[in-house]
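Engineer: here is the input, now give the coordinates:
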Amino acid sequence: MPHDVTLIIMLAAAFGGALVLGWLAHRLRLPAIVGFLAAGVLIGPATPGYVADMALASQLAEIGVMLLMFGVGLHFSLDDLVKVRGIALPGALLQMAAALAMGFGLAHWWGWPWGAGLVFGMTLSVASTVVLLKALEARGLLESSDGKIAVGWLVVEDLVMVLVLVLLPVLAPLMLPEGAGAAVSGKALGAAIGLTLLKVTAFFVVMLVIGRRIYPKLLWAVAKTGNRELFTLAVVSSAIGIAVGAAALFDVSFALGAFFAGMMMRESDFSHRAAEESLPLRDAFAVLFFVSVGMLFDPAVLVEEPLRVLAVVGVVVVGKTIAAIAVVRALRYPWRTALTVGGSLAQIGEFSFILAGLGLALGLLGQEAMSLVVAGAVVSIAINPLLFAAVEPLKKRLEAKGAAQAVPQDLSDPLAVLPDAVDVERLRDHAVLVGYGRVGRVLAEQLTARGLPFVVVETQRDLVEGLRGRGQPAVLGDAQLPEVLVQAHLHHARLLVVAASDLLAVRGIATTAKALRPGIRILLRTHSADEAELLAGASLGEVFYAERELAIGLADRVSEVFKDGAAPSAGH
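Structural biologist: This is a model prediction of the structure:
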């Protein structure tokens, strides 16, 4: 050919193979991700025939991670991040420590040096951004309270990995087997840690103080041109450009930079349009990510080291899941949250490859460790959708056995019951509002402005504590359980409003409420006409969803305008 077409051929092979094998996986009732990974194996160096450019595939996959995190940031406000800090910060640190300990234990059992064990354990402790977000999106959980906890958990993991990647080269001489006598001065180590924290802090300040004001204005200026191509270009260039700039200036990851760029642009009135414009690119490059992971995989490791691969997968899928569930439950969150967070984090991905590659370059890890990390990533990513699909059946089975009591099982928890300061006499003919997310918060503000009494039921401790601090009656717990609705005085309420985002939870809450008080009026919020039809068919209450209510609101406003003024003349 007259010019280099390496990139074009690779894209054709990657997208074509992913389409065929993804479709085949779907026909076999397997997750499409399995087909994408298989496509990567076929065009990787471990199989005969065409071999794609690994460097190009890695860079394209990184773009996908940036765009995906940017899209999440567009739907994830700074307030959301602050609200989940009470569980995301301790949860992520404890779960990473548990995974690190399990990985270190395996390495010690295999006779590896202690330095290799530490690096290996750390590679198993951090989840893949792409896999987690795709799993949450596929189940409509990205904007739910559980989804926000998982995303906040992921942000904490990313911040920890940024620190690890900066400090590892400084600490490597101490960790090498032959470098037992090597020393790293406390001054050098302190300087490295201080510099890293200073850069991360500077990044936060720049994004919160400057970016929060500039990005919405930039998007508004471009939107005013009315040119769709310019608007799309502004969105994509912001996502990638800010991510690259953040990595170059502040040494944070591309993913973290893109995530905060999206959060800042969320302040714009055009954030939803920005999310829609970037969606096709996010999906396409996410496929390339899975293909690039498959290209790293050598199937021979399954034959040569089957027990070690099984042990790694056990740590990632079983060990990390159990650790995450235990931490979430210890923090007194319901089983639904614990199982969702545990399932979403039961895999490893891009950060694991970066850290393993750095360990390999520094002489801390051998090629065998790198192969095991890749094998563990491929297998855990492939089975993660299956694990996620088991969350709801497992929750129901636990509840059926009586093992799954939600937050307010112990009335000694002060947040599980209304405080004595609440005037119970006012809680007659009141409303019970379940869910204090974006919709619930707006609804609560409107009820307060109208002087209407209501009790909020939430599963997040931070939100309940904040509401009570402002004098608003609130109860902590899963409203699917009768005792939680009893604590909200449902028996004396005029109506129940369910503003939760999980369809299964909405149905469970409405069913429980009808059993407790058959005649109560119930208002249900859902996301789409399909979900509304399912709920309406079950006769659980009045159903509201965004598109229909927006159209009705606009029609009401149009009617008011025509009533207020004279009818327009013909031809105007």
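Engineer: the stretch 51-200 of the chain: helices as residue ranges?
Structural biologist: 54-74, 78-83, 85-109, 114-123, 129-138, 145-175, 186-205 (DSSP state H, counting those that start in this stretch).
Engineer: show me what counts as buried in the fifth one.
Structural biologist: Looking back up the chat, that one is helix 129-138. By neighbour count on 16 or more other CB atoms under 10 Å, the buried set for helix 129-138 is T129, V130, V131, L132, L133, K134, A135, L136, E137. Heads up, the C-betas are built off the backbone N, CA and C, glycines and all.
Engineer: report the inter-axis angle for it versus helix 54-74.
Structural biologist: 50 degrees (axes from the mean of the first three to the mean of the last three CA atoms, to 10 degrees).
Engineer: tell me how far the closest residue to A57 other than its chain neighbours lies from S128.
Structural biologist: Distance criterion CB to CB, 6 or more residues apart in numbering; nearest residue to A57, sequence neighbours excluded, is S292 at 4.1 Å. Remark: distance between S292 and S128 (CB to CB, to the nearest Å) = 12 Å.
Engineer: how many neighbours does F104 have?
Structural biologist: 20 (other CB atoms under 10 Å).
Engineer: contacts only, for it.
Structural biologist: Contact analysis of F104 by CB atoms under 8 Å, 6 or more residues apart in numbering lists W114, G117, L118, F120, G121.
Engineer: the same query, at a cut-off of 6 Å, please.
Structural biologist: By CB atoms under 6 Å, 6 or more residues apart in numbering, the residues touching F104 are G117, G121.
Engineer: swap in the one 3 residues further on?
Structural biologist: The contact partners of A107, taken as CB under 6 Å, 6+ apart, are A116, G117, F120.
Engineer: now those residues in CSV, with distance to A14?
Structural biologist: CSV is the format used below for these (distance: CB to CB, whole Å):
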residue, distance to A14
A116, 33
G117, 35
F120, 29
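Engineer: out of those residues, who has the most neighbours?
Structural biologist: F120 leads those on contacts (other CB under 10 Å) with 29 neighbours.
Engineer: remind me which residues of the stretch 301-450 of the chain are low pLDDT?
Structural biologist: Within the stretch 301-450 of the chain, the stretches with pLDDT under 70 are 392, 395-426.
Engineer: now do the helices in it.
Structural biologist: Counting by DSSP H, counting those that start in this stretch, the stretch 301-450 of the chain has helices at residues 306-313, 320-330, 335-344, 350-361, 367-389, 391-400, 438-449.
Engineer: okay if I get those as a markdown table plus mean neighbour count and distance to F104?
Structural biologist: Putting the helices of the stretch 301-450 of the chain into a markdown table (neighbours: other CB atoms under 10 Å; distance: least, CB to CB, whole Å) gives the following:
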| stretch | mean neighbour count | distance to F104 |
| --- | --- | --- |
| helix 306-313 | 18 | 13 |
| helix 320-330 | 21 | 14 |
| helix 335-344 | 26 | 21 |
| helix 350-361 | 21 | 13 |
| helix 367-389 | 22 | 12 |
| helix 391-400 | 15 | 29 |
| helix 438-449 | 15 | 41 |
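Engineer: closest one to V432 among these?
Structural biologist: With respect to V432, and counting by CB to CB, the nearest of the helices of the stretch 301-450 of the chain is helix 438-449 at 11.3 Å.
Engineer: tell me how far the helix or strand that that closest one is followed by is from the chain's mean position?
Structural biologist: Helices and strands here follow DSSP states H and E; after helix 438-449, the next one along the chain is strand 454-458. Distance of strand 454-458 from the chain centroid (CA atoms, centre = their mean, to the nearest Å) equals 25 Å.
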